[in-house]
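K.L.:
have a look; sequence and predicted model below, questions after that.
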Amino acid sequence: MEALFYVSGTVAMISTLRVVTGKNAVHALLYLVVSLLAAALVFYSLGAPFIAALEVIIYAGAIMVLFVFVIMMLNLGPGAERQKKGLLDPKAWAGPALLALVLVLELLYLFAGGGLEGPPRAAYINPKAVALALFGPYFIGVELASLLLLAALVAAWHLGRREKEGIR
Amino acid sequence: MQGVITPLIMIIAILVSLTTMSAGLIWMERRLLALWQDRYGPNRVGPFGLLQVVADMLKIFAKEDWVPPFSDRFVFILAPAVIMSAVLFAFAVVPFAPGISVIDLDIGILFFLAMSSLNIYGIVLAGWASNSKYSLLGGVRGAAQMLSYEVFMGLSLMGVVMLVGTFNLRGIVEAQQGLWFFVPQFPALVIFFIAGLAETHRIPFDLPEAENELVAGYHTEYSGMKFGMFFVGEYLGIVLISALITTLFFGGWLGPVLPPVIWFLLKTMFFIMLFILLRAALPRPRFGQLMSFGWKLMLPLSLLNVLATGAALLLLA
Amino acid sequence: MLSILQSVWKMMLHAFRERVTVQYPDEKPVLAPRYRGRIILSRDPDGLERCVACYLCAAACPVDCIALQADETVDGRRYPSFFRINFSRCIFCGYCEEACPTYAIQLTPDYEMSEYKRPSLVYEKKDLLISGTGKYPGYWYYKVAGAAVKGKDKGDGLEEEPPVDVRSLMP
C-alpha cells in the first residue's frame, strides 16, 4: 500500500509538471487528468476509496471533460503556442514560483518538525463514515454548499434563458 | 503465490470471455436485426454464419493500421485504448456469480460510474485528435451527451443504494433474495436503461456517430484494429450496462434450479437483446431533443425517485 | 412515449414474420418471361438467321453497345457478317428488341453472366445466336416479308397476294 502511495504520488507530480511545461493545451489537459487520477489513487492508498471514486467521477470525469471540451472548441493553432513561449520569461513565472517555494518551505518545515505523524495512515474510511461525517457534524456546511449550488443553478438558468420566443 | 495466481486466472478468464462474447455479439446483433427486419443476416460462413465473426476479425487485423498525417498522433492512438480499458476496468466490480468476480470493492457502483465517466475521454479525444470536422462534431456531441446522461445515471442508482445501504454490488445482489429491485425501483430501472443507452451511444441515442449526418462521428478517421477497438468497446459497453441492470434490478445471479452463472448470463442476454430490439425499432432524435429529454424529464424523474425512495424508507423504518 | 413502446412491440412481432430474402444461389427468383436479361439472336423455324442487318437495333441502342456489319448471301438474304454486343456497356433497356423488325434480337430472363475479365463480356455472333426461335415460336420472317429470296418469289408469302401486274388493264 505504501509503495502504491509513493508511485502514484510520483506520477501525480511528474504529470503536474508536464501540465505546466507542456506546449499543447490538450496534451497539458491530458496530463492534468492523469494527475487527478494519480491523486485519486493516493486517496485510495490512504484508505479513502469514497473520495477516490468521487475524485475520478467529478474532477476527472466531469470537470476536466468540460475543460477539454472548451479547449477543443477554441481550436488553438500554432499561434497560441508562440504566444505561450512568452510564459517562459522569468517575469511571468517568478511570482508563482516564489509563492510555490514558500509552500514547499512550509512543507519542509512541517516534515522536519515532525508535524505529521509518521507514514501515511491506512485507516479505512468507508462511504458510510463519510456520509455520517457530512450529515452529522458538517451538516451546516453541506446545506450551505447546496444553497450556493442552487444559487448558481438559478443564475445559470437566468443567463441561459431566451428573452422572447422566436428570438435566438 | 496461490493468492496471486487464482485472481490472475480469474481476471484472464473474464477478460477473454468478455472480449469473445462482445465479438460474438456482433454476429448476434446482425442476426437479430435481420430477424426483426424480415431478413436473414450473415448465414453463410460456418454454421448459422457463426464463423462470420472469425472472418471479420481476421479481416480487421489484416487491415492497414493507418494514422492520418493531419491527426494528433499520440492522442489519436490513445483514444481507442482509453475506451476499451475503461469499459474492461468497469467489469472488475461486476459480480458474475458468487466467487466469480475480479474485485469486491466497497465502492462498486461509484467505481463503475467513474469508469464510465472516463469513457467520455475516449470519444472526446478521438474526435479532437482526428482533426476533421465530422470527428470534432461527433466528439462534442458525445461529450455533451454522455456528461449529461451520466448525471442521472448516477442519481437513478441512488434509489437502489438507499434500499440496500451499500455501494457494494455483491451486497446489492444478496439483498435481492426476497424481492428483485425492479419492483420497488421501477422508475430507476427505466431511467438507468435510457441513460445506459445514451452512455453506450446505441441507436436511439447514437448521435456522436450518426452516420447520415456525421459520416461516422468521432471514429470517422479510424481504420483497422483501432476502429475495431471502438467497435468492441461499444459492444462491451452494452454487455456492461446489461450486466449492471441484471445486477442492480434483476437479482444478479439469483434464480432457482440453474447454476448462478447461467442465470446471470441469461438475464444479461435478455437485456442485450432488448438493446438490439430498440436499435431495430427506434429512430434517432435531434440533438436538442436528446438534451432536453435528459435534463427536463429524466433528471427531475430521477430526483423524484430518490426523494420517494427516501420518504418510503423513513416511513417504513 | 406510448407510441415508442408500441413501435418496439410491433418490431418484436416481426420476429415471427416470413423473411423476404431470397437465398439467391440456393434458390433462384422466379422471373417473368419478359424479364430483360441476356440478349440473344434468334432463328426462323427453318434454322436460318432472322437478323437482316438493318442496323435499327444499333441505332436504337442508347449506350451504343451493338456493332454489326451487313452482308448479303447469293440467295438475296441480308445477314450480319459480324454482330457484337458489348455487355459491359449494355444497360438491358430492351430498345433493341423493340426496334427489331424481324424479332431477331430478343432479351431473355438470364442474368447470370458475370465474368472475371471485361473483354469476356463482349459477345460475338456465335455467342449470341441460338438455334431456336426464342419468344415467338411460329414466327417466320421471310414467310411474312414481301422481299424476294431464293425459293420464295414475290407474292409467295403467307397471306400474301401475287403482285399486281401494272401493265395489265384488268382490275
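P.N.:
Okay, I see it.

K.L.:
every contact and neighbour count from this point should use C-alpha atoms.
P.N.:
OK.

K.L.:
can you show me the helices along chain C?
P.N.:
For chain C, the helices defined by DSSP state H occupy C:2-13, C:56-60, C:95-99, C:125-128, C:141-144.

K.L.:
can you pull the buried residues of the third one?
P.N.:
Neighbour counts over helix C:95-99 (16 or more other CA atoms under 10 Å in any protein chain shown) mark C:95-97, C:99 as buried.

K.L.:
nearest to chain B, of those?
P.N.:
Taking CA to the nearest CA as the measure, chain B lies nearest C:Tyr95 of the buried residues of helix C:95-99, at 35.0 Å.

K.L.:
could you pull up the contacting residues of that closest one?
P.N.:
C:57, C:60-61 (CA atoms under 8 Å, 6 or more residues apart in numbering or on different chains).

K.L.:
part of a strand, is B:Met146?
P.N.:
No - using DSSP: H, G, I helix; E, B strand; the rest coil, the assignment for B:Met146 is helix, not a strand.

K.L.:
look up how far chain C lies from the closest residue to it other than its chain neighbours.
P.N.:
Once flanking residues are discounted, B:Met146 sits nearest to B:Glu199: 5.4 Å by CA to CA, 6 or more residues apart in numbering or on different chains. As judged by CA to the nearest CA, to the nearest Å, B:Glu199 and chain C stand 20 Å apart.

K.L.:
so B:Glu199 touches B:Tyr149, yeah?
P.N.:
Yes - taking CA atoms under 8 Å as the definition, B:Glu199 is a contact partner of B:Tyr149 at 6.9 Å.

K.L.:
okay, now B:Leu313: neighbour count?
P.N.:
12 (other CA atoms under 10 Å in any protein chain shown).

K.L.:
how many other residues sit next to the residue nearest to it when sequence neighbours are not counted?
P.N.:
Leaving aside its sequence neighbours, B:Leu313 sits nearest to B:Leu163 (CA to CA, 6+ apart; 7.5 Å). Using other CA under 10 Å, B:Leu163 has 17 neighbouring residues.

K.L.:
so what pLDDT did B:Leu163 get?
P.N.:
For B:Leu163, the model assigns a pLDDT of 83.

K.L.:
just checking, which helix or strand of chain A averages the lowest pLDDT?
P.N.:
helix A:78-85 (a mean of 56; mean pLDDT, DSSP states H and E).

K.L.:
B:Val306 and B:Val53, how far apart?
P.N.:
Per CA to CA, to the nearest Å, B:Val306 is found 43 Å from B:Val53.

K.L.:
one step back: so which strand or helix has the residue nearest to B:Leu313?
P.N.:
In this assignment (DSSP states H and E), B:Leu163 forms part of helix B:133-164.

K.L.:
counting contacts, what elements does that helix pack onto?
P.N.:
helix A:64-74, helix B:108-130, helix B:169-174, helix B:186-199, helix B:211-214, helix B:287-292, helix B:299-316 (3 or more CA pairs under 8 Å, 6 or more residues apart in numbering or on different chains; DSSP states H and E).

K.L.:
adding mean pLDDT, write those out as CSV.
P.N.:
Compiled in CSV, the helices and strands packed on helix B:133-164 are given as follows (pLDDT from 0 to 100):
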stretch, mean pLDDT
helix A:64-74, 78
helix B:108-130, 84
helix B:169-174, 83
helix B:186-199, 87
helix B:211-214, 80
helix B:287-292, 85
helix B:299-316, 88
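
K.L.:
deepest in the core, which of the ones you listed is it.
P.N.:
helix B:108-130 (a mean of 27; mean count of other CA atoms under 10 Å in any protein chain shown).

K.L.:
who are the packing partners of it?
P.N.:
Counting by 3+ CA pairs under 8 Å, 6+ apart, helix B:108-130 packs on helix A:49-54, helix A:64-74, helix B:73-90, helix B:133-164.

K.L.:
who's in contact with C:Tyr142?
P.N.:
Neighbours of C:Tyr142 in contact, by CA under 8 Å, 6+ apart: C:Gly157.

K.L.:
wait, I meant A:Val154
P.N.:
So A:Val154 contacts nothing (CA under 8 Å, 6+ apart).

K.L.:
can you do 10 Å?
P.N.:
Taking CA atoms under 10 Å, 6 or more residues apart in numbering or on different chains, we find A:Val154 in contact with A:148, A:160.

K.L.:
close to chain C: what parts of the stretch 1-150 of chain B are there?
P.N.:
B:32-41, B:43 (CA under 10 Å from any CA of the partner chain).

K.L.:
host element of the closest residue to C:Arg17 other than its chain neighbours?
P.N.:
With sequence-adjacent residues excluded and distances taken as CA to CA, 6+ apart, C:Arg17 is closest to B:Asp38, at 6.6 Å. Assigned by DSSP H and E, B:Asp38 falls within no helix or strand.

K.L.:
tally of neighbours for C:Thr133?
P.N.:
23.

K.L.:
again, but for B:Val16
P.N.:
Considering only other CA under 10 Å, B:Val16 is surrounded by 12 other residues.

K.L.:
ok, now which ones touch it?
P.N.:
By CA under 10 Å, 6+ apart, the residues touching B:Val16 are B:10, B:22.

K.L.:
SS state for it?
P.N.:
Taking three-state DSSP, the label given to B:Val16 is helix.

K.L.:
measure it to B:Met273 for me?
P.N.:
21 Å.

K.L.:
now the end-to-end length of stretch C:147-164.
P.N.:
By CA to CA, one end of stretch C:147-164 lies 15 Å from the other end.

K.L.:
quick check: mean pLDDT of that stretch?
P.N.:
78.

K.L.:
buried stuff in that stretch?
P.N.:
Quick answer for stretch C:147-164 (16+ other CA under 10 Å): C:147-149, C:155-157.

K.L.:
which SSE is A:Leu29 in?
P.N.:
helix A:25-45.

K.L.:
run through the neighbouring helices and strands of that helix.
P.N.:
The helices and strands touching helix A:25-45, judged by 3 or more CA pairs under 10 Å, 6 or more residues apart in numbering or on different chains; DSSP states H and E, are helix A:2-21, helix A:49-54, helix A:64-74, helix A:78-85, helix B:73-90, helix B:108-130.

K.L.:
for C:Cys51, find the nearest of the ones you listed.
P.N.:
The closest of those to C:Cys51 is helix B:108-130. By CA to CA, the value is 62.2 Å.

K.L.:
chain center to that closest one, what's the gap?
P.N.:
The chain centroid and the centroid of helix B:108-130 are separated by 12 Å, computed with CA atoms, centre = their mean, to the nearest Å.

K.L.:
next, the distance between the ends of stretch B:176-192.
P.N.:
18 Å.

K.L.:
count of neighbours near residue 5?
P.N.:
You didn't pick a chain, so chain A it is. For A:Phe5, using other CA under 10 Å, the count is 19.

K.L.:
hmm, I had chain B in mind actually
P.N.:
10.

K.L.:
with A:Ala151 instead?
P.N.:
12.

K.L.:
and the contacts of C:Tyr95, which are buried?
P.N.:
C:57, C:60-61.

K.L.:
hang on, B:Pro80 packs against B:Ser130?
P.N.:
No - with contact taken as CA atoms under 10 Å, B:Pro80 and B:Ser130 are classed as non-touching, separated by 11.9 Å.

K.L.:
tell me the residue of chain C that sits nearest chain B?
P.N.:
C:Arg19 (4.3 Å).

K.L.:
chain neighbours aside, what residue packs nearest to that residue?
P.N.:
Looking at C:Arg19 with CA to CA, 6+ apart, the closest residue is B:Asp38, at 4.3 Å.
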